[in-house]
Structures are given as C-alpha cells and as structure tokens.
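>>> Quick one: sequence and predicted model below, then my questions.
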Amino acid sequence: MPNSQISIYTQKEQGEQWLRRYRGCLPIFACVLGFTETGLIPGISAAGRTPEDRKYTACADAEFLYYGPEHKAQYPLPPLAAGASPVLISRAVFESLKIPIHLFNAGLPQPPAVPVIDLGGAPAKCLSGGAAMEITTVHHLFEQGLLWGERLAANIQQGYLIVGECVVGGTTTALAILTGLGIDAAGKVNSSHPVCNHAQKWALVQAGLEKMKGSREQGRQGEQGEIFQSQIQNFVDPLQLVAAVGDPMQVVVAGMAIAASRSCGVMLAGGTQMLAVYALMSAIAQAYALSWQPEAVVVGTTRWVAEDPTGATVDLALNLGKSSLTPSGKTPPLLATHLSFADSRYPQLRAYEQGFVKEGMGAGAACIAAHLSQDWQQHQLLTAIEAQLERLSTGSH
C-alpha cells in the first residue's frame, strides 16, 4: 500500500500498518523547544550563521511556525550560510491543513514571542563538561512530558500526535545519549552541514562521557576498591545520563511519547535526535517500569536525513535494536517523505539537495501528514512551501 510519497526504511510491516491505521486522519502537533550551550561552539551547527544567531534560532522558528510570514517578527529567521529554515515546510503544511500547534519551552535562554507552554526547565550547559543539567530539572521535565503527553492524547479521537523539536546542537547531544546507552552511533548521526562534522561531535561526546564517568568513580571510591567498569551503560540511569550530557528537549519528548503511545499513535518528528529520544524512551521505560506501546510509535523525517550520504541514519535506527539497554524498544519504523526541491525556483530550497539544512521543526513529519490525510503529492507540497518563501520575501521589504 504505502503511499508512493513515503518511504519506509526499517520495520516495514509495522510502518505500513501504522500508515494504514492513520490514513485520512489529521494529527495534532507538539513542538518542544530547548537549548544547549553545545550549540554555541563555533562550527558545531549550521542552524544560524554565528553562535549569536543560534541563540535565537528556536525562538525565530517558533514565531514563524505560529504566525507565518506576514507577521513582523521579534525574532526574525536567522541567516543561514545556505538554504532556508525547515520551518517553512512545517508552516506550509500546518497552515494549509489547519493542524493545531502546541509549543513548549523546555529550556530556552529567553522566552519566545509566541503563546508557549513553559515547562519550567532551563538551558543545558555544554555536554563536554559532563554536567549539562541538574538532575532535579531532568526529573521535573520528564514528569511534565508524561503529563502533557497524556493531556494531548486525551484530545485525540482518531488521529495521532506528532512531536517535533528545535534544539540547535541537538544532534551532538543525541550522539552523547545514544553512546551513553551503549548504542553504536559514532559516525552515523546527521548534522545541518552538507558534510557532517563527525570528529568535532565525537570529541565533545567523549569528553562529556569521560567527565561523567570520572564523577561516578569519585562517588564510588572506597567501595572495597571496586574495579571501575569501563562500560558506562553498566550502571547509568537514563535520566542521569540526560543530566550529564543531554538537552532539555530529549526528556520532555520521551515522557510525552511514552504517555501518548498508551492511547494514540505517535510520530517522533526528526532524524538522529528522535532516534536518540526513542532509545531514551526504551531505557527509561525499562529502568522505571513504565508501560508504553512501542508499536504505536514511528519516527518520521525527510529524505535528506534518511539518505544523508555523510550520516548513516538507517544503520543507526537498526542499531537501536541491538543494545542490551533497550530490549523493549526494538527498532522503530523509520519513515521519510519523498519531498524534493530539485525543481524549486528558489536557490534557498535547492540548497537542501546539496545537503544544507535537512530537517527541523517537524518538517518531514508535516509532509508525511499531508500525504496521509490529504494525499498531497510533490507538486502540492512544493507549491505551498514556495508560497511561504514568496510571502516572506515580499513581507520583509
């Protein structure tokens, strides 16, 4: 059956079942905004040309998603070295299909200029220090995620919940979480760069996990001179792992998706970051004996992520099923929209085909939702997205 506009890369049968179940249904969209100081490191991310720009990327994307291109933005979309923000894609679909949007602030340096649900989190410090967040904040954010997942799902009769994110530097914190959970992820994650900066990410992750290990060792000294176990995963609590090397979005989305999966379908909107969240969900559910429905959860992204020649997204998704820490989770179905900008009249959109930008703000999942509910094809998506860009360029003169 699958719609020719959607590819299923892993767990084909489960993915097809999910798509059949939600064909013709409209989703609701929750977008969780967060921040990590990891995103300020020069060269770490292309989501904003300078570190200063990147401080405001999530606020700018949220404002555009909520109000659209005509609104005079307090936080205008940041300039990118090439390409245009993926929020143009999400906005085009959600506006056309009138999909309800709920924005959550999990921890930003400044409040966004949009109606947002503040979860009482805080921005994360750079993960390389091994002490990104207070454990009390992580527990609080996880509880908030569970609460809002249940609340949002309670309003869904037939449809499903899409959960998206905006965290600049988030693929690096994702790599840290995956590695900390014993999943082979080095060299497999994506980035907003045309060629992924794997070495830079890996050096930061190794530094952060070593620091975390070091502070653990100190706490354990004196226990009959116990030999330290080199494998982090032997003793790590997934929420403590997030506190050490994660970002505030991850644990909120994990809580939301665990709770929502009990009563409706969930599409985690993104690539590397949502695969890390899925692994986290499995590990948390196991560590804290929480019930969830893995078969209700899929990961939805763009072709640019799923087929990124400088990452290995499909391999990464398959590796999720191989970790001893996430046996309940198996491998999630990885879906992607076929959206192409090869024929766009805008160079900012054609840049996606060169590997600049790839995904964010639920862009891939939005396109999958348009295919599923309205049977939108490539030309309808492209027309709607180009119209957003046209309105933005006329509005800003």
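In hand now; what should we look at? Note that this is a predicted model, so its numbers are computed, not measured.
>>> any idea which helix or strand comes after the lengthiest helix in the chain?
In the chain, assigned by DSSP state H, the helix with the most residues is helix 198-220. Next along the chain after helix 198-220, taking DSSP states H and E as the criterion, comes helix 238-245.
>>> average pLDDT across that following helix?
In this model, helix 238-245 carries a mean pLDDT of 98.
>>> so it versus helix 198-220, what angle?
Calculated by axes from the mean of the first three to the mean of the last three CA atoms, to 10 degrees, helix 238-245 forms an angle of 120 degrees with helix 198-220.
>>> Which neighbouring elements make contact with helix 238-245?
Helix 238-245 makes packing contacts with helix 135-154, helix 170-180, helix 198-220, helix 248-261, helix 272-287 when contacts are defined by 3 or more CB pairs under 8 Å, 6 or more residues apart in numbering; DSSP states H and E. C-beta: built from backbone N, CA, C; applies to glycine.
>>> Direction-wise, compare that helix with helix 135-154 and give the angle.
120 degrees.
>>> what angle separates helix 238-245 from helix 248-261?
Using the same axes, to 10 degrees: helix 238-245 against helix 248-261 is 160 degrees.
>>> what's the spacing between helix 238-245 and its chain's center?
Relative to its chain's centre, helix 238-245 lies at 17 Å (CA atoms, centre = their mean, to the nearest Å).
>>> cool, stretch 346-356 as well?
21 Å.
>>> pLDDT of it, averaged?
93.
>>> what comes into contact with that stretch?
46, 80-84, 192-195, 304, 308-310, 340-342, 344, 357-358, 385-386, 389 (CB atoms under 8 Å, 6 or more residues apart in numbering).
>>> filter these to the buried ones?
46, 80, 82-84, 192-194, 304, 308, 340-341, 344, 357-358, 385-386, 389 (16 or more other CB atoms under 10 Å).
>>> Among those residues, which are located in helices?
304, 385-386, 389.
>>> Least confident of these?
Minimum pLDDT across these falls on Leu389, with 92.
>>> so it sits right up against Val87, yeah?
No: taking contacts as CB atoms under 8 Å, Leu389 lies outside contact range of Val87: 11.1 Å.
>>> Test my guess that Trp18 contacts Pro333.
Yes: between Trp18 and Pro333 there is a contact at 6.3 Å, judged by CB under 8 Å.
>>> Please enumerate the shared neighbours of those two.
Joint contacts of Trp18 and Pro333 (CB under 8 Å, 6+ apart) are Val298.
>>> Please dump the helices and strands packed on helix 238-245 into a markdown table; it should also carry mean neighbour count and distance to Tyr22 for every row.
Shown next, in a markdown table, are the helices and strands packed on helix 238-245 (neighbours: other CB atoms under 10 Å; distance: least, CB to CB, whole Å):
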| stretch | mean neighbour count | distance to Tyr22 |
| --- | --- | --- |
| helix 135-154 | 19 | 14 |
| helix 170-180 | 29 | 26 |
| helix 198-220 | 17 | 34 |
| helix 248-261 | 30 | 13 |
| helix 272-287 | 27 | 17 |
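>>> Strands of the stretch 1-150 of the chain, start to end?
6-8, 28-34, 101-107, 117-118 (DSSP state E, counting those that start in this stretch).
>>> Out of these, which one sits most buried?
strand 28-34 (a mean of 27; mean count of other CB atoms under 10 Å).
>>> Against which helices or strands is that strand packed?
helix 57-67, strand 101-107, helix 135-154, strand 160-166, helix 248-261.
>>> Reformat the helices and strands packed on helix 238-245 as JSON lines; add mean pLDDT and distance to Cys25.
Shown next, in JSON lines, are these (pLDDT from 0 to 100; distance: least, CB to CB, whole Å):
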{"stretch": "helix 135-154", "mean pLDDT": "98", "distance to Cys25": "14"}
{"stretch": "helix 170-180", "mean pLDDT": "96", "distance to Cys25": "28"}
{"stretch": "helix 198-220", "mean pLDDT": "88", "distance to Cys25": "37"}
{"stretch": "helix 248-261", "mean pLDDT": "98", "distance to Cys25": "14"}
{"stretch": "helix 272-287", "mean pLDDT": "95", "distance to Cys25": "20"}
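>>> out of those helices, nearest to Asp118?
helix 135-154 (9.7 Å; CB to CB).
>>> Tell me the gap between that closest one and the middle of its chain.
16 Å.
>>> ok, residues contacting that helix?
Contacts for helix 135-154 (CB under 8 Å, 6+ apart): 28, 30, 102, 104, 106-107, 117, 119-122, 161, 239-240, 242-243, 246, 248, 251-260, 262-264, 284.
>>> Could you give the number of residues near Leu268?
30 (other CB atoms under 10 Å).
>>> Ignoring the adjacent residues along the chain, who's closest to it?
Met274 (3.8 Å; CB to CB, 6 or more residues apart in numbering).
>>> Ok, Ala176 next?
Val245 is the one closest to Ala176 (CB to CB, 6+ apart), at 3.8 Å.
>>> For Gly159, see how far away the one you found is.
Computed as CB to CB, to the nearest Å, the Val245 to Gly159 distance reads 34 Å.
>>> Over to Val251?
25 Å.
>>> Could you check stretch 66-77 and say which residues are buried?
In stretch 66-77, counting by 16+ other CB under 10 Å, buried: 66, 68-69, 73, 75, 77.
>>> closest to Ala370 among those?
For these, the residue nearest Ala370 by CB to CB is Gly68; the value is 16.7 Å.
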